[in-house]
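Student: Got a predicted model here, sequence first, then my questions.
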Amino acid sequence: MSAKRVLSGIQPTSDSFHLGNYLGAVKQWVDLQDGHDAFYCIVDLHALTGEIEPALLRKRTLASAAQLISLGISPEKSTLFVQSQVPQHNQLGWLMECMAGFGEASRMTQFKDKSAKGGSDSARVGLFTYPMLQAADILLYQANLVPVGEDQRQHIELTRDLAGRFNTRFGQTFTIPENFILKTAAKIQDLQDPSAKMSKSSGSAAGVLELMDTPESNAKKIKSAATDAGREVKFDEKEKPGISNLLTIHSALSGKTIPALEAEFDGKGYGDFKGAVAEVVVEYFRPIRAKAIDLLSDEKHLLDILHDGATKARVVASQTLEKAYENLGIVK
Ligand code: TRP
């Protein structure tokens, strides 16, 4: 049996990934490269459903690519590409829009949440059709596994439904991806508000550890992280959410277990502990950030890598699209 196909995507919506993105998804993408045929896509067309700032979109697309590579996505092992450079995504996206029911699409919670935020009058059609483009991203590559977090479960379910419907009605065309959602390897919370997930959209800047941020800034954020009553370094999410979060972060990056860390900091105060967490985070990020900066300093080289990825992606994508067109009776 040949290796399972993996596909995932990330929106280029920020200058820097944060620790939650990394541990929640990208680190697992890196692991999946071995033993799988992996495709990783920077979904710039999906990013157009939010505020569009041309200079930022360009910068963030390149920054995302540089960070993915520096975090360990290898352009030799995987196919790393930018969605808009493979026009078959838009083409299959239309077919998926023609398969999806209006009611079905209206039930997507991400659409409901995002459109509710800005008021339904300002929500754009692209936000509504977003899940059908995502289905196309996945189905074009006949992906078996789609490593995404729990928040994407409904979109994967929709993708499975659309693929099944198409296959049943028009003949076998698409691989139906497995029901596979990434386990939260480590639950990383906001440093300032440890009751909330670490996230750029909701949290304060001081609560989010950014990969591309300076070591000094990240160290400072950790040292001023919210702590809890008492002075013992113990994992207790209820009573000590702040310290528990810092223990999780240390453990995820240092590889030490939480009990081992509790023992190590037994009798020491929060200050010592935070200093140690800061050191672990800063040293972990340091070479990754340096590599990303280096990649960004040679834009031509970075673009070459992405163009190579898109060339490889187009080979697979065009085969699938051709089959879908043929099964639909579209004249060649
Ligand atoms: N919707 C995904 C997110 O917000 C991003 C995405 C777009 C994606 N297309 C994809 C993820 C295809 C996996 C596969 O995280």
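Tutor: Sure thing, it's come through.

Student: State which one residue of this protein is found closest to the ligand.
Tutor: At 3.1 Å from the ligand, residue 9 is the closest residue in the chain, using Cβ to the nearest ligand atom. For glycine as for every other residue, the C-beta is placed from the backbone atoms N, C-alpha and C.

Student: What's the separation between that residue and residue 125?
Tutor: For residue 9, the distance to residue 125 (Cβ to Cβ, to the nearest Å) stands at 20 Å.

Student: Who has more neighbours out of the two?
Tutor: Per other Cβ atoms under 10 Å, whichever of residue 9 and residue 125 has more neighbours is residue 9, with 21 against 8.

Student: Just the element for that one, please.
Tutor: Secondary structure assigned from DSSP states H and E places residue 9 in strand 4-10.

Student: any idea of the mean pLDDT in that strand?
Tutor: In this model, strand 4-10 carries a mean pLDDT of 98.

Student: Give me the residues contacting it.
Tutor: By Cβ atoms under 8 Å, 6 or more residues apart in numbering, the list of residues contacting strand 4-10 from outside reads 21, 25-26, 29, 32, 36-43, 46, 64, 68, 83, 134, 137-138, 141-148, 175.

Student: which of those come close to the ligand?
Tutor: With the criterion set as Cβ under 6 Å from any ligand atom, the members of those near the ligand are 43, 46, 134, 137, 138, 146, 148.

Student: what's the most distant pair in those residues?
Tutor: Checking those against each other with Cβ to Cβ, the farthest-apart pair comes out as 46 and 146, at 14.2 Å.

Student: what about the stretch 101-250 of the chain, any weak spots by pLDDT?
Tutor: Under the criterion pLDDT under 70, the flagged ranges of the stretch 101-250 of the chain are 120.

Student: Up against the ligand, what does it have?
Tutor: For the stretch 101-250 of the chain, the residues in contact with the ligand under the definition Cβ under 6 Å from any ligand atom are 134, 137, 138, 146, 148, 152, 155.

Student: And the residues you listed, which is closest to residue 280?
Tutor: The nearest member of these to residue 280, counting by Cβ to Cβ, is residue 148 at 27.1 Å.

Student: hang on, residue 198 packs against residue 19?
Tutor: Yes - using Cβ atoms under 8 Å, residue 198 is in contact with residue 19, at 6.3 Å.

Student: okay, and the common contacts of these two?
Tutor: Where contact means Cβ under 8 Å, 6+ apart, the residues bridging residue 198 and residue 19 through contact with each are 188, 208, 209.

Student: roughly how far apart are the second one and residue 214?
Tutor: According to Cβ to Cβ, residue 208 and residue 214 sit 14 Å apart.

Student: of the two, who's got more company?
Tutor: Neighbours around residue 208 and residue 214, counted as other Cβ under 10 Å, are more numerous at residue 208. The numbers are 25 against 12.

Student: ok, that one - contacts?
Tutor: Contacts for residue 208 were tallied using Cβ under 8 Å, 6+ apart; they are 18, 19, 20, 190, 191, 198, 199, 200, 221.

Student: Repeat that for residue 110.
Tutor: Remark: with contacts taken as Cβ under 8 Å, 6+ apart, residue 110 is in contact with 130, 131, 151, 154, 155.

Student: 10 Å instead, please
Tutor: Residues in contact with residue 110 (Cβ atoms under 10 Å, 6 or more residues apart in numbering) are 127, 130, 131, 134, 151, 152, 154, 155.

Student: Just the buried residues of the host helix or strand of the last one, please?
Tutor: What that stands for is residue 155. Per DSSP H and E: residue 155 is located in helix 153-170. Buried positions in helix 153-170, judged by neighbour count with 16 or more other Cβ atoms under 10 Å: 155, 156, 158, 159, 160, 161, 162, 163, 166, 170.

Student: how many neighbours does the closest residue in space to the fourth one that isn't next to it in sequence have?
Tutor: When you say that, I think you mean residue 159. What sits nearest to residue 159 in space, not counting adjacent residues and going by Cβ to Cβ, 6 or more residues apart in numbering, is residue 135, at 4.1 Å. For residue 135, the tally of surrounding residues (other Cβ under 10 Å) stands at 28.

Student: Then residue 219?
Tutor: Here the neighbour count serves as a burial measure; for residue 219 (other Cβ under 10 Å) it reads 19.

Student: Now do stretch 285-293: everything it contacts.
Tutor: Among residues not part of stretch 285-293, those counted as contacts by Cβ under 10 Å, 6+ apart are 16-17, 19, 22, 63-72, 209-215, 218, 253, 282.
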